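K.L.:
Have a look; sequence and predicted model below, questions after that.
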Amino acid sequence: MPMRNYSVPREKVVLAGLITPDMDKSLFEEDMHEMEQLCTTAGATVVATFRQHRERIATGTYLGWGKLKEIKAMMQSNGATTLVIDAHLAPGQIKTIENTVRGKVIDRGQLILDIFAMHARTAEARLQVELAQLRTLYPRLTHAWTHFSQQVGGIGTLGPGEKQLEVDRRLVQNKITDLKRKLSKIEDGRTIQRGGRDAIFKAALIGYTNVGKSSLFNALCNSSAAVDDKLFATLDTATRRAWIPGAGIIVVSDTVGLLRKLPHHLVASFRSTLGEVSEAHLLLLVMDASSVWIEQQMKTVEQVLADLQAESIARLVIFNKIDLVDDPFRRKQLSIAWPDALFVSAFNKDDVALMKSAVAEAVVRFTNERRRDDLILRTTKIVINDDR
């Protein structure tokens, strides 16, 4: 997939969201805050933000006509060319909104995909992004040729637009199949690599995006993985060996950050990247101690673990960025709510030593349990053979 050149002036955008009576207001505000961060990460400047309260979503336009006209005026007065909407829009909705505001319309899924395309570095990440982009494009092809399909009609006839639509669909499906095949080969190679590490204890860092997983990864492994204060700064799973005092050598993996309301096809495309989670003996579940949306983010992580069937894997909850929490009352609240968690800063040597000590305890506990299970298995076999 060709690399894009992002050395261009920051694009001015207007951000909009819709809240209905059945929605949680705090979650809505969290999503809007995330959308602002996503826009910044994508290289855009948010010049205005609109929040509309409606009883229900407008079928054809998502937002109400009056609000769209207000947004159009704001875009024209501020020189904004793009409207970003916190929703997953249907192709027909995007087309209608674009015609109304006279500008480009981007939904949440498209914005995230654009950021993924910017940050994809390895061949696997680029293939995954391309697969997700094609899965986004496919349903929109239905609306791409409607101006041709009206030329002829009737039973037993097929207009030139419909022919072109079928050609495009076939090309996209063939490309999707090809990408899946290439990703499958990469996954097979990774499975072989994992098999070679079966005898080594494996830990995986998992958590919301931008909570500092890569910083903790670097601290654990004395590594230099890319660290950036942006959403989705890491797309590729990094795996390193780490020496843990009291436990020896283990393998640590840093996985892609999570986010609420990710498009299903995007999650499916990156499923293989999260495979390290299912293979881990210990999950280092990282949270941002300074975030005001800890509970909502934890629910997102728990849902992903459930989807990966990884709920039963041992875990260690780590609250990173505790140095950013100045309020002692807030610190006390966190310690009471999460009594078994560690509260650390990835840049504090004593905190890192504490974290390594907790990991060592988990390794020793796992090793002892495995020895016990092996002993029980051997003893059972001896008893069975004696009975014979």
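P.N.:
Structure received. Just so it is clear, the model here is predicted, and its values are computed rather than measured.
K.L.:
Show me the helices in the stretch 101-250 of the chain, by range?
P.N.:
Under the criterion DSSP state H, counting those that start in this stretch, helices of the stretch 101-250 of the chain are mapped to 108-119, 123-140, 146-149, 160-195, 213-221.
K.L.:
Least confident of those helices, on average?
P.N.:
If you rank the helices of the stretch 101-250 of the chain by mean pLDDT, helix 146-149 sits at the bottom with a mean of 38.
K.L.:
who touches Asp340 in this structure?
P.N.:
Val317 (Cβ atoms under 8 Å, 6 or more residues apart in numbering). (C-beta placed from N, C-alpha, C; glycine too.)
K.L.:
Please apply the same query to Gly189.
P.N.:
Contacts of Gly189 by Cβ under 8 Å, 6+ apart: none found.
K.L.:
Quick check: the gap between Val256 and Glu276.
P.N.:
Distance, Val256 to Glu276, by Cβ to Cβ, to the nearest Å: 10 Å.
K.L.:
Now for those two: what residues contact both?
P.N.:
When contacts are counted by Cβ under 8 Å, 6+ apart, the set common to Val256 and Glu276 consists of Thr237.
K.L.:
Let's check: the centremost residue of this structure is which one?
P.N.:
Leu258 (3.5 Å; Cα atoms, centre = their mean).
K.L.:
confidence score at that residue?
P.N.:
We have a pLDDT of 80 for Leu258.
K.L.:
I'd assumed Val304 was in contact with it.
P.N.:
Yes - assessed by Cβ atoms under 8 Å, Leu258 is found in contact with Val304 at 5.6 Å.
K.L.:
which neighbours do the two share?
P.N.:
Ile206.
K.L.:
Which residue is the nearest non-sequential neighbour of Arg260?
P.N.:
Thr300 (5.1 Å; Cβ to Cβ, 6 or more residues apart in numbering).
K.L.:
how about the host helix or strand of that neighbour: buried residues?
P.N.:
Per DSSP states H and E: Thr300 is located in helix 294-307. Neighbour counts using 16 or more other Cβ atoms under 10 Å place 294, 296-298, 300-301, 304-305 of helix 294-307 among the buried residues.
K.L.:
Repeat that for stretch 285-295.
P.N.:
Within stretch 285-295, the residues that count as buried by 16+ other Cβ under 10 Å are 285-291, 293-294.
K.L.:
So for the helix holding Thr300, mean pLDDT?
P.N.:
87.
K.L.:
same check, this time on stretch 310-321
P.N.:
For stretch 310-321, the per-residue pLDDT averages 93.
K.L.:
end to end, how far does it reach?
P.N.:
Between the opening and closing residues of stretch 310-321 there is a gap of 26 Å (Cα to Cα, to the nearest Å).
K.L.:
Val14 belongs to a strand?
P.N.:
Yes - under DSSP: H, G, I helix; E, B strand; the rest coil, Val14 falls within a strand.
K.L.:
That one and Asn78 touch, don't they?
P.N.:
Yes - under the criterion of Cβ under 8 Å, Val14 is in contact with Asn78, at a separation of 7.5 Å.
K.L.:
Name the residues contacting each of these two.
P.N.:
Counting by Cβ under 8 Å, 6+ apart, the residues touching both Val14 and Asn78 are 47-48.
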